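In: below: sequence and its predicted model.
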Amino acid sequence: MRFAIFLLIASLFISFYGCSKEEPYEPEKKSISIWEGETSHISIETDLTRYNCTLQSDDQEIATATIDKMGICIITHKSGSTMIRLLDNDKILCEIFVYVKYFGSPEIIDWGIPLKEGNPGYPGITIKATDLRIPPEIEKELREESKPFISAIYTFNQNTKKFTIETFSGISYEGSYEWNLTSLTLMHDGKKEKYGFKFATGMSHGYIIEADKTEKYQQRYPDAGITEVKVNHVWKDNGIIQLRGLTF
């Protein structure tokens, strides 16, 4: 009888202890590297339909977030880093480390204009004119002009917005720059050079820098029917940075 009472008391104690002790909980953790001006969705394991979820950013000037059908949408505003938390009341369900990038690198190499023999319409150089004698002349000149800048080394400081360039041909200068997802503007020696900017496809950490020379050659060849002259340079970013396991 005493043994039965002991077992009953022990089972009640175990049951009470098991119910009163909360199991340890670890919030889901994610990280994302994203360019200034971009929005991006991030998938999480947490079932957003099960909770009364809200989102909180440590620095709303850098990035904020919303919940939609695709998950959590990160909206960037300026460069920097912040933590965004998914909350159910006061309980943290997920922490997302967000690094917002502004264009910058300690070393970018100019690979020059892409080559493809016998095709002046290749994306390296695009020339559109009704006088077909003119495009080969323009292309030859553009490639000659680019030679001193092949393998030029650029630096871009995203904090100071300053850049430098140094070439093997002895050309070097520095200045300031402005950047967004579609353009890059270099300012130096009283000049302001605006370029198209895009990310190179099929190439890790590569950029396409596009110069529009249309107006220059329209003035030089007014009767050639020129409608477009654009030249692209490929830049390779060798100054890869690591932060919290992210590569950018």
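Out: Alright, I've got the coordinates.

In: can I assume Glu193 is in contact with Tyr177?
Out: No: between Glu193 and Tyr177 there is no contact, the gap being 9.6 Å when judged by C-beta atoms under 8 Å. The C-beta positions use only the backbone N, C-alpha and C, and glycine is treated the same way.

In: what residues are shared contacts of these two?
Out: With contacts defined as C-beta atoms under 8 Å, 6 or more residues apart in numbering, the residues shared by Glu193 and Tyr177 are Thr185, Leu186, Met187.

In: can you tell me the element the second one falls in?
Out: Here Leu186 sits within strand 183-188, counting by DSSP states H and E.

In: for the record, mean pLDDT for that strand?
Out: Mean pLDDT, strand 183-188: 98.

In: over to stretch 138-145?
Out: 95.

In: roughly how far is that stretch from the heart of the chain?
Out: 31 Å (C-alpha atoms, centre = their mean, to the nearest Å).

In: mind listing what's buried in the strand holding Leu186?
Out: By neighbour count on 16 or more other C-beta atoms under 10 Å, the buried set for strand 183-188 is Leu184, Leu186, His188.

In: with distance to Gly225 added, can I get the residues you listed in JSON lines?
Out: Below are those laid out as JSON lines (distance: C-beta to C-beta, whole Å):
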{"residue": "Leu184", "distance to Gly225": "30"}
{"residue": "Leu186", "distance to Gly225": "31"}
{"residue": "His188", "distance to Gly225": "34"}
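
In: which one of these is nearest to Ala65?
Out: Leu184 (28.0 Å; C-beta to C-beta).

In: and the closest one, how far from Asn232?
Out: 13 Å (C-beta to C-beta, to the nearest Å).

In: what residues are shared contacts of the two?
Out: Common contacts of Leu184 and Asn232, defined by C-beta under 8 Å, 6+ apart, comprise Ile209.

In: pick out the residue nearest the middle of this structure.
Out: Trp35 (3.5 Å; C-alpha atoms, centre = their mean).

In: give the contact list for the closest residue to that one other than its chain neighbours.
Out: Excluding its sequence neighbours, the residue lying closest to Trp35 (C-beta to C-beta, 6 or more residues apart in numbering) is Lys101, at 5.1 Å. The contact partners of Lys101, taken as C-beta under 8 Å, 6+ apart, are Ser33, Ile34, Trp35, Glu36, Ser79, Gln158, Phe248.

In: surely the third one is in contact with Asn180?
Out: To tie it back to what came earlier, the one meant is Trp35. No: contact criterion C-beta under 8 Å: Trp35 and Asn180 do not qualify, at 9.1 Å.

In: ok, back up a step: what lines up beside the strand holding Leu186 in the sheet?
Out: Using DSSP bridges, strand 183-188 pairs in its sheet with strand 172-179 (antiparallel), strand 191-199 (antiparallel).

In: can you give me every residue that contacts the residue lying closest to Glu193 once chain neighbours are set aside?
Out: Nearest residue to Glu193 in three dimensions, chain neighbours excluded: Leu186, at 4.7 Å (C-beta to C-beta, 6+ apart). The contact partners of Leu186, by C-beta under 8 Å, 6+ apart, come to Phe163, Gly175, Tyr177, Lys192, Glu193, Tyr195.
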